[in-house]
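**Student:** I need the structure of the sequence given here:
(one chain, ligands or ions: 1)
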Amino acid sequence: MEVMKVLHMNGGRGVTGMGDSSYANYSLVQQKVITMTKPITENAITQLYYSTLPKNLVIADLGCSSGPNTLFVVSELIKVVDQLRRKSGHDQSPEYQVFLNDLPGNDFNTIFKSLPSFQKKMRNQLGAGAGPCFFTGVPGSFYGRLFPSKTLHFVHSSYSLQWLSKVPEMVESNKGNIYMAQTSPPSVLRAYHAQFQADFSMFLECRAEELVLGGRMVLTFLGRRSEDPSSKECCYIWELLAIVLNEMVSKGLIEEEKMDFFNIPHYTPSPSEVKSEVQKE
Ligand SMILES: C[S@@+](CC[C@H](N)C(=O)[O-])C[C@H]1O[C@@H](n2cnc3c(N)ncnc32)[C@H](O)[C@@H]1O
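**Tutor:** Numbers count the residues shown, from 1 in each chain. Just a heads-up that it's a prediction; the model follows:
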């Protein structure tokens, strides 16, 4: 499956982006995650501001989607920087360049349509003295280069990196399952882990090129506590979906062969798996 071509959150309808089944209406969990990690994000941007005092602050949000969270993180980051600037008595505000990245199928149009009102709101909230904010949409996979070398000061990504670049290549069928399950052959579990390693290390390699010296990165993604890759904490949701799909196969609604080759390109690593890739980079 070509994830790059098919994966996208449901877009919105109209300027508000609030169609019934749009991601905008189903992103409350992700919003909670952003709120939970806010102290970490604020701490990182504070350290960045004081250590680099940039004239142009370049921020990238990777896997931005299209919904209320898309501009929320960025607006919070800009507010923090503006408060720090005022507190430190700097009259000169940085100019902000914001790159919003997602896969090409993302509903960038809805984001672009919401920008004029967002910018107006930001100007009102920040008042005079805050620097202008320029937005750019960047369609493409974050498992490859997206920006020129040494251009980014701050990289943020929330609830996106658990998606793999592709379905892992398997030497055995994962029959009856669509993800790593207790009954999956060990080779399937190894294939998933290998795909995570290849993808995550590529992500880190690319960002290492793109970040300026002293740049910061806050990445939030789904993981698991257990070292067992098929533990219930990460796989249960997919096991439930597999039960439904298997039932549809038994009723002849889905061809068995299609089910045999359908697997989800998703991986929730353990802390030690993440640490190991970070240390290699
Ligand atoms: C669950 S949404 C999270 C969106 C937003 N960050 C939030 O917190 O609400 C995951 C997003 O990651 C994007 N995504 C997945 N794989 C990607 C990739 N390889 N490159 C860029 N974006 C990707 C998806 O298209 C989707 O919009």
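**Student:** quick one: residues contacting residue 272.
**Tutor:** Residues in contact with residue 272 (CB atoms under 8 Å, 6 or more residues apart in numbering) are residue 227. C-betas here are computed from N, CA, C, even on glycine.
**Student:** what residues does this structure have near the ligand?
**Tutor:** Counting by CB under 6 Å from any ligand atom, the residues of the chain lying close to the ligand are 7-9, 27, 30, 34, 62-65, 69, 101-103, 106, 141-143, 158-160, 163, 165.
**Student:** on the three-state scheme, the residue of the stretch 101-250 of the chain found nearest the ligand is what?
**Tutor:** When scored by CB to the nearest ligand atom, the stretch 101-250 of the chain has residue 160 as its residue closest to the ligand, at 3.3 Å. At residue 160, secondary structure determined by DSSP: H, G, I helix; E, B strand; the rest coil is coil.
**Student:** ok, the residue lying closest to residue 108 once chain neighbours are set aside - contacts?
**Tutor:** Nearest non-adjacent residue to residue 108, counting by CB to CB, 6 or more residues apart in numbering: residue 137, 4.5 Å away. Remark: with contacts taken as CB under 8 Å, 6+ apart, residue 137 is in contact with 100-101, 108, 111-112.
**Student:** just the buried members of the residues of the chain next to the ligand?
**Tutor:** For the residues of the chain next to the ligand, a burial check counting by 16 or more other CB atoms under 10 Å picks out 7, 9, 27, 30, 34, 62-65, 69, 101-103, 106, 141-143, 158-160, 163, 165.
**Student:** show me these that map onto helices.
**Tutor:** The subset of these located in helices under the criterion DSSP state H comprises 30, 34, 69.
**Student:** adding pLDDT, write these out as TSV.
**Tutor:** Below are those laid out as TSV (pLDDT from 0 to 100):
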residue	pLDDT
30	80
34	87
69	82
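**Student:** any idea how far the closest residue to residue 100 other than its chain neighbours is from residue 159?
**Tutor:** Using CB to CB, 6+ apart and skipping residues adjacent in sequence, the residue nearest residue 100 is residue 64, 4.4 Å away. Residue 64 sits at a distance of 11 Å from residue 159 (criterion: CB to CB, to the nearest Å).
**Student:** same question for residue 175.
**Tutor:** In terms of CB to CB, residue 175 sits 30 Å off from residue 159.
**Student:** neighbours of residue 276, just the number please.
**Tutor:** The number of residues packed around residue 276, counting by other CB atoms under 10 Å, is 14.
**Student:** same check, this time on residue 265
**Tutor:** 20.
**Student:** my read: it touches residue 162, true?
**Tutor:** No - the pair residue 265 and residue 162 does not pass the contact test of CB atoms under 8 Å, sitting 9.7 Å apart.
**Student:** and the residue nearest to residue 108, that one's in a strand?
**Tutor:** Yes - when classified by three-state DSSP, residue 137 is found to be part of a strand.
**Student:** any idea how far it lies from residue 67?
**Tutor:** Distance of residue 137 to residue 67, given as CB to CB: 15 Å.
**Student:** isn't residue 274 right up against residue 220?
**Tutor:** No - taking CB under 8 Å as the contact criterion, residue 274 and residue 220 are not neighbours in contact, 11.6 Å apart.
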